[in-house]
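In: Everything below, folded, please.
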Amino acid sequence: MIRNSRILLPFLLAGFSAPSVWAQRELTDIPKPDPQAEMAAMQLDPQIEINLFASDPMIKKPIQMNFDSDGRLWVASSEVYPQIEPGAPATDKIIVLQDTTGDGVADQSQVFADDLLIPTGVLPGDGGAYVANSTELIHLSDTDGDGRADQRRVVLSGFGTEDTHHLLHTLRWGPDGCLYMNQSIYIHSHVETPYGTRHLNGGGIWRYRPETQSLEVMCKGLVNPWGHVFDAYGQSFATDGAGVEGINYVFPGAVFMTSPGAVRHLHGLNPGSPKHCGLEVLSGTHIPADWHGDLVTNDFRGHRVCRFTVRPQGSGYNSRQQPELIVSQHVAFRPIDARMGPDGAIYIADWYNPIIQHGEVDFRDDRRDRGHGRIWRLTFKNSPLMKPTPTGELSDPALISLLESPALWLRQFARQELKTRNSDQVLESLAQWLGEASDDAVRLNRQFEAMWVRECLDRPDAELLQTLAGCDNEHFRAAAVRYIGLRRDELPDALSWLKKAVADPNPQVRLEAVGALGEIGTAEAAAIALSALDQPLDENIDFALWSALRKSQSQWIEAIAAGSFDTQQKPERLEFAIRAAATPAVVAPIV
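Out: Predicted coordinates:
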């Protein structure tokens, strides 16, 4: 079913108009910025305890946060937001917080950089930190060991700047070693790379490999997607700070509402759910077993920290909201980001501001709070915390052993550290680890983790991908098929593997195969993709097949004219292709 995303605009704007806007404009009862009073106003899940990890003046106005492998919390903060005054200096900061005593409270705060303009994301890595700094992605590093950045490199530039709360944001490492970044609806980006200029108008998610400087668009759309996370199988989920569909399942080539020019889009998993900001997947031994894999996000308008249980359904997922972790009536409690910490606790960034409306309240309204902010720490009663595991000093075999940790963040830190090591030595240790597997099930799990390490090292193994694409675990098959598609130019048998995958009994595997075939863009690939019609379609596969045929329409229309398109004796397939075509040029060859 084709839907025009523009018809949703009045509905979206309705979310901004109504009583909440007037409540913001007329707000006079501004509470004193007392963290203890703010904490006292919180209602917690009965299993949870809370403490204040950091507060002003140690930290002000946190926007995004990410831990490094040494357990330090890097925070992008902006007192200038939402707009700098003309002539004023850019003084926004990257702050590094550390708990050196292990009591769950930050006791050290270091300003890493203080000459930034509305930094909306920070991600440690590659000997420093990547920072989303207005129109640029920059990399900051400290070469003399004093804790402050003394080298600054522009990694990418040309990201749009039309609206400061839609700038490049939500920096996140993927299990493949790539850096993923979000932007929002009003941004128009035109970014030069060694492979040509990459464009993204409106919202979406970027995928960037620092080692090769390759930049691609993973998905398009969403209104204000401040949240992106990967589950244990490499599948992506995103939240939308101005959308109304809760958790969104994201796959390569997906298009969501508000993508400019899109005539069709996908839907979120929680229709009617309020807007959410930030996203984290729960894992580790401190988290209750029945919460593992759940997603934590923030309803910053409703002063809530929320939890969703996401489970496979068809080619995608269903999402069910659970009781909140935190509910508060405190008007300035504004949770906007969530992260798993090195101790297994959940950390929540609190923007702390009674005023959040961006355009409805004056940028320089005196009621806007510019000097406060908090980081809250949530722990579970009667559940032992995890021991932080710095990865920088570990040997290659010790790092590889962490790939079986129940803590997803530890697996990611291990992969990121292995990226910095000698690739040949890492692969040698990886092969030994695979050979030591105690049984077939353990070996298969290790092969799956080895696939991610090889992706991080930019050293894919065709035999390993083929093994995983044919294994009994549908999650492993789906992930392997995605990377067969992404690595198709390096894999001579990629097309034949994708042909098998598009007939897979599992719909998510078929979805990945159809998406990969669409990127190949040939008439042969389009004909293979149409074989997905031999099994039931759901919304995701239908959309992916429709998109694949649109991308390659000139090729398969030409093949029809030449009498060489494989679907000409299969009316159902041919009908789907004709309906997908966006040009009247399809008529003449059909006739």
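
In: Give the burial count for the closest residue to Q329 other than its chain neighbours, as a bare number.
Out: Take Q329 and drop its neighbours on the chain: the residue closest to it by C-beta to C-beta, 6 or more residues apart in numbering is A41, 5.7 Å away. Every C-beta, even on glycine, is put in place using the N, C-alpha and C of the backbone. A41 is flanked by 17 other residues according to other C-beta atoms under 10 Å.

In: Tell me which strands the helix or strand in which I326 is found pairs with, and in which orientation.
Out: Taking DSSP states H and E as the definition, one finds I326 inside strand 316-328. Partner strands for strand 316-328, per DSSP bridges, with pairing direction: strand 42-44 (antiparallel), strand 304-313 (antiparallel).

In: Quick check: phi and psi at the residue nearest to Q329.
Out: phi -80, psi 0 (degrees, to the nearest 10).

In: need the contact list for it.
Out: Taking C-beta atoms under 8 Å, 6 or more residues apart in numbering, we find A41 in contact with 328-330, 333.

In: ok, now with 10 Å
Out: By C-beta atoms under 10 Å, 6 or more residues apart in numbering, the contact set of A41 is 31, 303, 326-333.

In: mind checking how far it is from R152?
Out: 41 Å (C-beta to C-beta, to the nearest Å).

In: Same check on D126?
Out: When D126 is compared with R152 (using C-beta to C-beta), they lie 14 Å apart.

In: Give me the common contacts of those two.
Out: By C-beta under 10 Å, 6+ apart, the residues touching both D126 and R152 are 139, 141.

In: what about F576, distance to L533?
Out: Using C-beta to C-beta, we find F576 at a distance of 6 Å from L533.

In: now do P505
Out: Going from P505 to L533 by C-beta to C-beta gives 15 Å.

In: and what of G203?
Out: Counting by C-beta to C-beta, the gap from G203 to L533 is 31 Å.

In: Who has more neighbours out of those two?
Out: Legend: neighbour count by other C-beta under 10 Å for G203 and L533, higher for G203 (28 against 18).

In: who touches the more buried one in this structure?
Out: 166, 182-187, 219-225, 238, 240, 242-243, 256-260.

In: Which SSE is immediately downstream of the helix or strand hosting L464?
Out: Element membership of L464, judged by DSSP H and E, is helix 462-469. For helix 462-469, the succeeding helix or strand toward the C-terminus, using DSSP H and E, is helix 474-486.

In: Provide the angle between the direction of that following helix and the direction of helix 462-469.
Out: For helix 474-486 against helix 462-469, the angle by axes from the mean of the first three to the mean of the last three C-alpha atoms, to 10 degrees is 140 degrees.

In: Could you tell me how far helix 474-486 lies from the centre of the chain?
Out: Helix 474-486 has its C-alpha centroid displaced from the chain centroid by 18 Å (C-alpha atoms, centre = their mean, to the nearest Å).

In: counting contacts, what elements does that helix pack onto?
Out: strand 304-313, helix 440-457, helix 462-469, helix 494-501, helix 507-520 (3 or more C-beta pairs under 10 Å, 6 or more residues apart in numbering; DSSP states H and E).

In: quick one: buried residues of that helix?
Out: For helix 474-486, the neighbour count (16 or more other C-beta atoms under 10 Å) marks 474-486 as buried.

In: Equivalent analysis for stretch 570-578, please.
Out: Within stretch 570-578, judged by 16+ other C-beta under 10 Å, the buried ones are 570, 573-574, 576-577.

In: of these, closest to G158?
Out: A577 (36.0 Å; C-beta to C-beta).

In: Can you give me the domain assignment for this structure?
Out: 5-380, 396-590 (automatic domain parsing).

In: returning to what we had before: mind checking which of the buried residues of stretch 570-578 are in helices?
Out: Residues from these lying in helices, with DSSP state H as the criterion: 573-574, 576-577.
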